[in-house]
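1. 3D, please:
(5 chains)
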Amino acid sequence: MDIATIIGILLGFTVISLAVMQGGGGGAFIHIPSMAIVIGGMLCATLIHFSLGQFLGIFSVIKKTVLVKVPSPSELIQQMVNYAAVNRRDGSLALEEQISKVDDEFIGKGLQMLVDGQEEDWIRDMMGLEVQYRQERHKVGKKILEFMGAACPAFGMIGTLIGLVQMLRNLSSPDDIGAGMAVALITTFYGALLANLVFIPLAGKLGLYSKAEILAMEMTLEGICAISRGENPTGVREKMQAFVSPSRREEIKATV
Amino acid sequence: MDIATIIGILLGFTVISLAVMQGGGGGAFIHIPSMAIVIGGMLCATLIHFSLGQFLGIFSVIKKTVLVKVPSPSELIQQMVNYAAVNRRDGSLALEEQISKVDDEFIGKGLQMLVDGQEEDWIRDMMGLEVQYRQERHKVGKKILEFMGAACPAFGMIGTLIGLVQMLRNLSSPDDIGAGMAVALITTFYGALLANLVFIPLAGKLGLYSKAEILAMEMTLEGICAISRGENPTGVREKMQAFVSPSRREEIKATV
Amino acid sequence: MDIATIIGILLGFTVISLAVMQGGGGGAFIHIPSMAIVIGGMLCATLIHFSLGQFLGIFSVIKKTVLVKVPSPSELIQQMVNYAAVNRRDGSLALEEQISKVDDEFIGKGLQMLVDGQEEDWIRDMMGLEVQYRQERHKVGKKILEFMGAACPAFGMIGTLIGLVQMLRNLSSPDDIGAGMAVALITTFYGALLANLVFIPLAGKLGLYSKAEILAMEMTLEGICAISRGENPTGVREKMQAFVSPSRREEIKATV
Amino acid sequence: MDIATIIGILLGFTVISLAVMQGGGGGAFIHIPSMAIVIGGMLCATLIHFSLGQFLGIFSVIKKTVLVKVPSPSELIQQMVNYAAVNRRDGSLALEEQISKVDDEFIGKGLQMLVDGQEEDWIRDMMGLEVQYRQERHKVGKKILEFMGAACPAFGMIGTLIGLVQMLRNLSSPDDIGAGMAVALITTFYGALLANLVFIPLAGKLGLYSKAEILAMEMTLEGICAISRGENPTGVREKMQAFVSPSRREEIKATV
Amino acid sequence: MDIATIIGILLGFTVISLAVMQGGGGGAFIHIPSMAIVIGGMLCATLIHFSLGQFLGIFSVIKKTVLVKVPSPSELIQQMVNYAAVNRRDGSLALEEQISKVDDEFIGKGLQMLVDGQEEDWIRDMMGLEVQYRQERHKVGKKILEFMGAACPAFGMIGTLIGLVQMLRNLSSPDDIGAGMAVALITTFYGALLANLVFIPLAGKLGLYSKAEILAMEMTLEGICAISRGENPTGVREKMQAFVSPSRREEIKATV
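-> Alright, predicted model coming up:
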């Protein structure tokens, strides 16, 4: 679970809420029709821009970004080194019982191919394609979040324009003007807040998370291929450590 | 037919209309001269930017984007696998009767070349060029929509400037100021709404649709070439499935 | 002559003028000092940005963009096929009398090189360099128009700031405020109108025109090279048609 | 220590402070809640965008940018030429006592590899990876500073919107309006000042510093590799001077 | 000397001054504290962004851009053709007396290398590096001017925010409001004017000038290399004319 994202969002809204409270009249900042314009308009524009499948997929992508834990490189190397040891000691069929213990679907697929005795080229092709399609999906997710971050302020402005036109049509007393304009500005406030505290930073985090996950997948791919060539645990470790900064490499040994 | 686009546009305008109604005075938001400035100015700028042919072609491109259905990869593979089976069983001349049953002009051309006994290189060159020119046409369509999305707010602002100058020249009573400014702001509202709820998202959808259609054309091209080499249905399927994520590949068999 | 550009500009200014008239007080929109700030400032900035030669060249580039007609691919192919027929029938010296009949300077140069019996490599080098330098010149023209399109709104804003400062220094009656502000906004109006209805779309059209002219030059180059190799009219046609979408290729025969 | 950065920041804030003082009422420009919105909001958005580790690392990156001194190319060449002389005279083991005298960790690692008698390819691989990871870390640092520079004005505007809405809700006397609006504008002022006087220029300086440090590391890498090949001091100097403009090359001799 | 730059700047400020005069109250547009904020703030930000050396170098770069004259290609070819003739007639040592007559330091260096009898590869390497470093320096100069062009409006806005806050804190009479706001807007005016009439166009001109100077240096390099190979004047001319559009090539003969 990514703590930074959750802390950031909670703390951010707390800071803004305190600022609103401190000035008094916090109730004025909750205005359902304004929310409907900004969020509704933004969702509709997103629906036009992307396909229904991509649109519905974005929520699972966000959830994953916040909740899923990318394994650290050394954990991953440890895991693969163990599989290499098992493979050398008991043969590739012995890896079958490891598959059920694996959470990560991608590692599971790789082990299955080892058990099935597939050749290295085939494994590399199949797993490489999976890496590529995962990357593609992440890219679409990032694009959707960035589009949402751009659409929010736009619909905020549209809402403010609607409010201004309505207010300007009947200017009776200065008090009404103020209240009308306050309401009109709320949509711009919602648009700016959602874009800058939610969608734009989340798109950035998704990019970061994608980079880490793709790296883990590429390391896995190299590890599985090394095992399929029958390399010993040390060889597997060295192949996978090529992805890690030299100053962070640790001596990892098989623990099975 | 792309449901997301239609839902998005209908829902988007409904949300905005409800927001306008709820505040009262919806009639103030329909102002023909303001519409003329924004839409007229935007169309004229588009006419200057692009050629007459490209300008007129954009409407058919939009219509197609919303209405045409890109065949799913598995449908396409099924179709090609069937042609391969026919070709192997009855010879390439037997494909002639399939041509008339085909909706897609591109597949039809490919089959005709098979019937004519053209060589693979020639088929690849000719169909490859078609793919390239289709891509080019889509790119122009996307560029026009993006330009429209940029021109709308610009002419919205120009209209507002006209309205403001006219209003400022005779400031008699505060009520007149309000009404004048309300009218002046309507063009900015139109510009922002058209850009953000229609042109910018439509340009994005066109890009998406283009990607899907070009992929389908490239798969078709590979399928036709495989048939021209006399490969069996399984070989054709494998060649075409290289474009599909491994986890989505299905076992497809000839059904003729 | 490019009709779309002319229609677009005329229609665009008509739409804006009608909008101005309809609100009354069209005279307020013609203000010479405001024009001087926007156009004068923009021209000075352009003069600083580019060299004197490039600056003076832009007007001929614009004129050409609007007036010159790029030959259609099939006309060009027809012309080259005829030269190939003459060359095969009467030898390359017979092309000399064709040179005087040719409008296009580039084709003329190519024919002259054929008459002079230059080798294909030399022709390709010389004509290729001309294509490249023409492209370079178009790119500079497009850059100047784009810079003008960016400078216009900037000087519009500068003019409005001048007007606002002058108005704010003596606020006597509300009427004076209105009139002063109306004048101040006129420069922003001029800047936005010139940028969005003239310079930005013209830059786009120049890019389009450049693409078409460069394509015609490359087709000409291939045709001349094919003739210099002594290919027959059919061979010349096929080489040149490689630049045309297969669905638009016509059967062209020599007409001399 | 980079004097320009420190002078720039001190002088910049002095200029702005003097401008504030001169107009009177400097106290109005210090408003803790406004600061909390801009800085708090910006930090939260940064926390959402980046990982906790990257976020905490940015402060050490900034400190280093301002404080650390990148060695000049000629100093670096002098140092390496000396090591080459020692290596030639007393053998690579004699370099061991130099390691403890070296401040730079990267040079120390290189010397250690020489002492250990590693082969050139291995040294090049290991040190090259370090260069690459350092570059990556700098790039992340620059991206964070740029994001902060973009988030500051955004949260400045959000703060101003909050202030405006609060002010507009109770318009009693013109004096209150002024005071309320003055407070509302302070957040925009903070956002613009922090972005333009701190984060955007610092991001630029970090890019510059990164370029200089990476160059020094690449020169060091080439020097160490030349020593490992047993080249004499002159050879080492020539290899390293290839990174220096010819007009700045000096005759450097070993001083040990 | 580049006349266009000087005419552009002089004429531009004249146009703006006339516009200011014509509206009356030109004195209001000269406000030293406002100038201090915009120019001071901008210089400080530039100092933070770049190193002290780069910052100080920008003034000489600007001066050179405006004053130095890039030799025309044909002048340059004439010069090199003469050196080739001298070299063929009297040997390379005879070039020594030409060095003192040469203004351009780069050509002087090239001649010196010819006199010293350096090999072509060495000349190409050394002069090529000089070209590359010159290009790098121009690029930094352009980046500084572009940054200044972006910083000016930013500090203009910061100054206006300061002025607005100060004015809003004591709203006594409408006249004071006007005067205060006029002063506040002056900084925005300065920022926009400096950016759009000085820094942005100068950055463009520097890019143009850089292109021309780099081309001249590359032609010189080719010429010197041809002379070092002992080619005759005609061979030198042909090598150098490859950089010139065919339609502009002249028959140049040695004049010594």
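2. Please count neighbours and contacts with C-alpha atoms only from this point.
-> Fine.
3. Contacts for stretch A:88-99 next, please.
-> Here stretch A:88-99 makes contact (C-alpha atoms under 8 Å, 6 or more residues apart in numbering or on different chains) with A:83, A:86-87, A:108, A:111-112, A:114-115, A:117, A:230, A:232.
4. following the helix or strand of chain A with the lowest mean pLDDT, which helix or strand comes up?
-> The weakest-scoring helix or strand in chain A, judged by mean pLDDT, DSSP states H and E, is helix A:52-67 (a mean of 83). Next helix or strand after helix A:52-67 toward the C-terminus (DSSP states H and E): helix A:73-90.
5. Just the CA coordinates for the helix or strand following that next one, please, in CSV.
-> As assigned by DSSP H and E, the chain's next helix or strand after helix A:73-90 is helix A:96-99. C-alpha atoms of helix A:96-99 as CSV (Å, rounded to 0.1, in the frame of the first residue of the first chain):
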residue,chain,number,x,y,z
GLU,A,96,4.6,-27.0,-10.0
GLU,A,97,3.9,-26.9,-6.3
GLN,A,98,5.3,-23.4,-6.1
ILE,A,99,2.8,-22.1,-8.5
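6. Please, where are all the helices along chain A?
-> Assigned by DSSP state H, the helices in chain A fall at A:3-22, A:32-35, A:41-49, A:52-67, A:73-90, A:96-99, A:105-115, A:120-169, A:174-194, A:200-228, A:233-241.
7. Let's test this: mean pLDDT of the third one, rounded?
-> Along helix A:41-49, the predicted confidence averages to a pLDDT of 96.
8. What is the nearest of the contacts of stretch A:88-99 to residue D:186?
-> Ranked by distance to residue D:186 (C-alpha to C-alpha), the contacts of stretch A:88-99 are led by residue A:108 at 56.3 Å.
9. and residue A:239, what is it in contact with?
-> A:222-223, A:226.
10. can you check residue A:39 too?
-> Contacts of residue A:39 (C-alpha under 8 Å, 6+ apart): residue A:152.
11. quick revisit: adding distance to residue B:187, write the helices of chain A out as a markdown table.
-> Output for the helices of chain A, formatted as a markdown table (distance: least, C-alpha to C-alpha, whole Å):
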| stretch | distance to residue B:187 |
| --- | --- |
| helix A:3-22 | 33 |
| helix A:32-35 | 21 |
| helix A:41-49 | 19 |
| helix A:52-67 | 31 |
| helix A:73-90 | 56 |
| helix A:96-99 | 63 |
| helix A:105-115 | 53 |
| helix A:120-169 | 10 |
| helix A:174-194 | 17 |
| helix A:200-228 | 29 |
| helix A:233-241 | 60 |
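12. ranking these by burial, who's on top?
-> helix A:41-49 (a mean of 27; mean count of other C-alpha atoms under 10 Å in any protein chain shown).
13. now it against helix A:52-67, angle please.
-> 120 degrees (axes from the mean of the first three to the mean of the last three C-alpha atoms, to 10 degrees).
14. which residues sit against the least confident helix or strand of chain A?
-> Here helix A:52-67 makes contact (C-alpha under 8 Å, 6+ apart) with A:1-2, A:5-6, A:46-47, A:138, A:140-141, A:144, A:205-206, A:209, B:3-4.
15. Any chance of TSV for the contacts of residue A:239, columns pLDDT and distance to residue D:165?
-> Below are those laid out as TSV (pLDDT from 0 to 100; distance: C-alpha to C-alpha, whole Å):
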residue	pLDDT	distance to residue D:165
A:222	93	57
A:223	94	58
A:226	93	63
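16. between the residues you listed, which is closest to chain B?
-> Nearest to chain B among the contacts of residue A:239: residue A:222, at 18.4 Å, using C-alpha to the nearest C-alpha.
17. which residues sit in contact with that closest one?
-> So residue A:222 contacts A:239-240 (C-alpha under 8 Å, 6+ apart).
18. That one and chain C, how far apart?
-> 44 Å (C-alpha to the nearest C-alpha, to the nearest Å).
19. for residue A:94, same thing?
-> Distance of residue A:94 to chain C, given as C-alpha to the nearest C-alpha: 58 Å.
20. Determine the number of other residues adjacent to that residue.
-> Look at residue A:94: counted by other C-alpha atoms under 10 Å in any protein chain shown, it has 15 neighbours.
21. Pull up the gap between it and residue B:206, please.
-> Remark: distance between residue A:94 and residue B:206 (C-alpha to C-alpha, to the nearest Å) = 50 Å.
22. Any residues of the stretch 51-200 of chain A in contact with chain D? List them.
-> A:174-175, A:178-179, A:181-183, A:185-186, A:188-189, A:192-193, A:196-198, A:200 (C-alpha under 8 Å from any C-alpha of the partner chain).
23. Let's see that with 6 Å instead.
-> A:178-179, A:182, A:197 (C-alpha under 6 Å from any C-alpha of the partner chain).
24. From the residues you listed, pick out the ones that also neighbour chain E.
-> Answer for these near chain E: none qualify (C-alpha under 6 Å from any C-alpha).
25. Now find how far off-centre stretch A:50-58 is within its chain.
-> 15 Å (C-alpha atoms, centre = their mean, to the nearest Å).
26. Ignore what I typed, I meant stretch A:216-226.
-> Worked out by C-alpha atoms, centre = their mean, stretch A:216-226 lies 22 Å from the chain centre.
27. May I have the phi/psi pair for residue A:91?
-> When read as degrees, to the nearest 10, the backbone of residue A:91 gives phi 90, psi 160.
28. With residue A:118 instead?
-> The phi/psi pair for residue A:118 (degrees, to the nearest 10) reads phi -70, psi 160.
29. Repeat that for residue A:104.
-> In terms of degrees, to the nearest 10, the main-chain angles of residue A:104 are phi -70, psi 120.
30. and it, how many neighbours does it have?
-> Considering only other C-alpha under 10 Å, residue A:104 is surrounded by 10 other residues.
31. if we can go back for a sec, between the helices of chain A, which one is nearest to residue C:73?
-> Nearest of the helices of chain A (C-alpha to C-alpha): helix A:41-49, 36.2 Å.
32. can you list the residues of the stretch 101-250 of chain A near chain B?
-> A:165, A:168-169.
33. ok, 7 Å please
-> A:126, A:129-130, A:133, A:154, A:158, A:161-162, A:165-166, A:168-169, A:171 (C-alpha under 7 Å from any C-alpha of the partner chain).
34. show me what contacts residue A:19?
-> D:33, D:37 (C-alpha atoms under 7 Å, 6 or more residues apart in numbering or on different chains).
35. mind checking how far it is from chain E?
-> Residue A:19 is 20 Å from chain E, by C-alpha to the nearest C-alpha.
36. For that residue, give me the pLDDT.
-> So residue A:19 comes in at 88 (pLDDT).
37. still on that earlier bit, using a markdown table, please lay out the contacts of stretch A:88-99 together with distance to chain E and pLDDT.
-> Below are those laid out as a markdown table (distance: C-alpha to the nearest C-alpha, whole Å; pLDDT from 0 to 100):
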| residue | distance to chain E | pLDDT |
| --- | --- | --- |
| A:83 | 51 | 94 |
| A:86 | 56 | 92 |
| A:87 | 55 | 92 |
| A:108 | 50 | 92 |
| A:111 | 52 | 93 |
| A:112 | 54 | 92 |
| A:114 | 52 | 93 |
| A:115 | 56 | 93 |
| A:117 | 55 | 89 |
| A:230 | 49 | 88 |
| A:232 | 48 | 90 |
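38. Could you work out the most separated pair of those residues?
-> Farthest apart among these - using C-alpha to C-alpha - are A:108 and A:232, which lie 20.1 Å from each other.
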